[in-house]
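Novice: Quick one: sequence plus predicted model below, questions after.
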Amino acid sequence: METLHLVDPELRPLLDVWPTLTVTADNLADMRARQLPLPEIDTSGSTLERLNVPGPAGAPEIELHVYAPIGAAAPLPCIYHIHGGGYIGGAAKSMEPVHRLMVADLGCIIVSVDYRLAPETVFPGAIEDCYAGLAWTFANAARLGIDTGRIGVMGESAGGGLAAALALLARDRGEYRLAFQHLIYPMLDDRTCVSSDPHPVAGEFIWHAHNNRFGWASLLGEEPGGEGVSPYAAAARAEDLTGLPPTFISTGGLDLFLEEDIDYARRLMRAGVATELHVYPGGFHGFDILPGTRIGGAARRDSRAALAHFLKSTN
């Protein structure tokens, strides 16, 4: 643990609760079976409806988890959420404790999508699943009690990468206008895997360089860093970032994605996109999961404040 001395001391217990796992094809099932150390589920302020809806043309149906606050007057703003997991793991159901609290606190609806995972499904399967779920959400907004002028995308890690790619895809197809993109330590750039000058201290814990290469290779169906990778697979590949919705990006100072996230935020600002960027010193990938820490609490408060602002705004 060469960089342990740089980790915020309050965060070190999370490394015991959620130790770093080097992912391979042989232990992928074990990785997918791991459970995030999240709080108990509180169902008192929200409802949950699980729906199977049409997927992309010629593909299976996708499952959406729709959370709504009890007693709130429609139409409500909506967070379209995409779970993380390095493109190779994770599930919408794993975020239920967090999503139930969020809808009760923010007075919004959350639609969380279960997309097909790599390596069983390579690009563009996952992003097209996410787009199909977004299309269904817009088409069924009246039934769900959603204000279509206040639908934005959110995701963590690979979910943040998919959310960024979905914002690009929605902009380019011109069918749906998003109110915001909310990206938590997003996985944006496959070229990080082949950098000739990798960050000297970031990326030792939770999600390291080996896992990053495995995740990207699984998604792309080929080794990362080559020519012709679509921006709808790796959002950082997009040459034009104009016309994207207002953006929130946060990451940890020791996260492997630190520099790609900072660079994406810089490019968004240069493209005239209103962008809020936070970097939390001593934070590794997933640092905000652990309750009771100063920077984890700060990250959650900053994220929630940005969401509250986005959800009150209209396009």
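Specialist: Looks like it came in fine. Keep in mind that what you see is a predicted model, and the values were worked out from it rather than measured.
Novice: which ones are touching the closest residue to D189 other than its chain neighbours?
Specialist: Using CB to CB, 6 or more residues apart in numbering and skipping the chain neighbours, the partner closest in space to D189 is A236 (3.6 Å). Bear in mind the C-beta positions are built from the backbone N, C-alpha and C, glycine included. Listed by CB atoms under 8 Å, 6 or more residues apart in numbering, the contact partners of A236 are 188-189, 191, 260, 263-264.
Novice: can you point me to the longest strand in the chain?
Specialist: Longest among the strand segments of the chain by residue count, using DSSP state E, is strand 146-156.
Novice: Pull out the buried positions in that strand.
Specialist: Buried residues in strand 146-156, counted by 16 or more other CB atoms under 10 Å: 146-148, 150-156.
Novice: element containing the residue lying closest to R150 once chain neighbours are set aside?
Specialist: Leaving aside its sequence neighbours, R150 sits nearest to P77 (CB to CB, 6+ apart; 3.5 Å). Secondary structure from DSSP states H and E places P77 in strand 76-82.
Novice: Partner strands of that strand, with direction?
Specialist: Sheet pairing of strand 76-82 (DSSP bridges) gives strand 109-114 (parallel), strand 146-156 (parallel).
Novice: what residues does the shortest one touch?
Specialist: Around strand 109-114, the neighbours that count as contacts under CB under 8 Å, 6+ apart are 62-69, 76-83, 91-93, 95, 99, 102-103, 129-130, 133-134, 137, 144-146.
Novice: now the residues you listed: which count as buried?
Specialist: Counted by 16+ other CB under 10 Å, these give 62-69, 76-83, 91-92, 95, 99, 102-103, 129-130, 133-134, 137, 144, 146 as buried.
Novice: And the helices in the stretch 51-200 of the chain, which stretches?
Specialist: Applying DSSP state H, counting those that start in this stretch to the stretch 51-200 of the chain gives helices spanning 96-106, 125-139, 141-144, 158-173.
Novice: Check the stretch 201-315 of the chain too.
Specialist: Going by DSSP H, counting those that start in this stretch, the stretch 201-315 of the chain shows helices at 209-220, 258-270, 294-312.
Novice: Which of these has the highest mean neighbour count?
Specialist: Across the helices of the stretch 201-315 of the chain, averaging neighbours per residue (mean count of other CB atoms under 10 Å) puts helix 209-220 on top, at a mean of 22.
Novice: mean confidence score for that helix?
Specialist: Per-residue pLDDT values over helix 209-220 give a mean of 98.
Novice: So what would you say the end-to-end distance of stretch 278-296 is?
Specialist: Distance between the two ends of stretch 278-296: 12 Å, counting by CA to CA, to the nearest Å.
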